[in-house]
Each structure stands twice: as C-alpha cells, then as structure tokens.
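J.: Give me a 3D structure for the following:
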Amino acid sequence: MITAEIQKALNQQINDDYCSWYFYRSAAAHCREVKLHGFSKWLRRRSENKLRQADRLSDFVLERGGHVEAIPINSANGHWDSPLGILDAALERERRLGHSVARLMDLSMRQGDHAAHDFLERVVSDQVEAEAKVETVRDRLKMVADAPAGLFMVDRDLA
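T.: Numbering: from 1, shown residues only. Prediction:
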C-alpha cells in the first residue's frame, strides 16, 4: 500500500512529466515551423519519453493501490527566440525534474518504502540520462554560436 504523502508526490511528478511532454511537443512544433526538422524530431522523441515516464509512474501508483490524480498541466507558451533558447529552457526543465525525483527518492527512504525506492532508482537513472542528453545538445549549439552552417549541421545530426 502506498502512503498518502508518497502518492501525492508521485502525482505531482506525473504532472511534471505531462507538463514536460507538452513543452517538448510545443517546442517540436515550433522547430518544424521554422524548418529545423532535426530539432523537431529530436524534441518529439523527448516528448514521447516524458509521456512514457508519466505512464510508468501512473502504473506504479495504481499497482500499489493508489489513486492517480488528473492535475491540469501548464501550457508551454512556445515563444522562443532561438533553438538555443529552447535548449536552455529544456535543460532548466530537466534539472527541475531531477531535483523533484531526488526529493521523491529521499521521501521514499525516510518512509522506509522500499518498493518506491527500488522503482525510483530507474527513474533517477533515466532522469540523469535525459538531463545529460539535453545538456550535450545545448552545449553543441553554444559551440556553433551564430554560425548558420553549424546550426544546420547540428539539426542534421539530430534527425
């Protein structure tokens, strides 16, 4: 059985992943609109990962006899001045998710919920990987700065 406190925290994490899904979908649409198809595909894959993560978290809550609460998701507003702006926002989002997952892990340890702790180890690992991937692409964009050829090379590599 899942405790009320862990259930509430997991529901917030589910919502955070849905918000991230929406953010990445919005960013992917923006990139497609400005003809950066590689970025669009890469961002769309990121969004699919966030949706799968929310599903895994939801399944875990339900398997433990909990309730998944449908919390409204925040809009992403999709107004970016550059691909680098998108990647900066994405990295900030991934870092917030990482902190949130770490707090969940701490909560599971404090409450002695070994099932949640074991489940969250994979979530933590996936989140570390997600953050690293976004940071790598962001750093590559910073290296090419304002060089259009560099932007198109990064775009091509992400396709």
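J.: How about the contacts made by the residue nearest to L84 when sequence neighbours are not counted?
T.: Ranked by Cβ to Cβ, 6 or more residues apart in numbering and with sequence neighbours excluded, the top spatial neighbour of L84 is L141, at 4.8 Å. C-beta here means a position set from N, CA and C on the backbone, and glycine is covered the same way. Residues touching L141, when contacts are defined by Cβ atoms under 8 Å, 6 or more residues apart in numbering, comprise P83, L84, L87, L151, V154.
J.: correct me, but the fourth one touches V144?
T.: What that stands for is L151. Yes: using Cβ atoms under 8 Å, L151 makes contact with V144 at a distance of 5.9 Å.
J.: V128: neighbour count?
T.: Using other Cβ atoms under 10 Å, the number of residues around V128 comes to 13.
J.: any idea which element the closest residue to it other than its chain neighbours lies in?
T.: In space, not counting the residues next to it along the chain, V128 is nearest to G98; the distance is 7.0 Å by Cβ to Cβ, 6+ apart. Element membership for G98 (DSSP states H and E) is helix 83-110.
J.: Show me which residues of that helix are buried.
T.: Judged by neighbour count using 16 or more other Cβ atoms under 10 Å, the buried positions of helix 83-110 are 83-84, 86-91, 93-94, 97, 100-101, 104-105, 107-108.
J.: Now do it, average pLDDT.
T.: Averaging pLDDT along helix 83-110 yields 96.
J.: could you point out which element follows that helix?
T.: Read in the C-terminal direction, the helix or strand following helix 83-110 is helix 114-144, with elements assigned using DSSP H and E.
J.: Heading C-terminal from that next one, find the next helix or strand.
T.: helix 148-158.
J.: helices and strands around that next one, which ones?
T.: In terms of contacts (3 or more Cβ pairs under 8 Å, 6 or more residues apart in numbering; DSSP states H and E), helix 148-158 is packed against helix 37-63, helix 83-110, helix 114-144.
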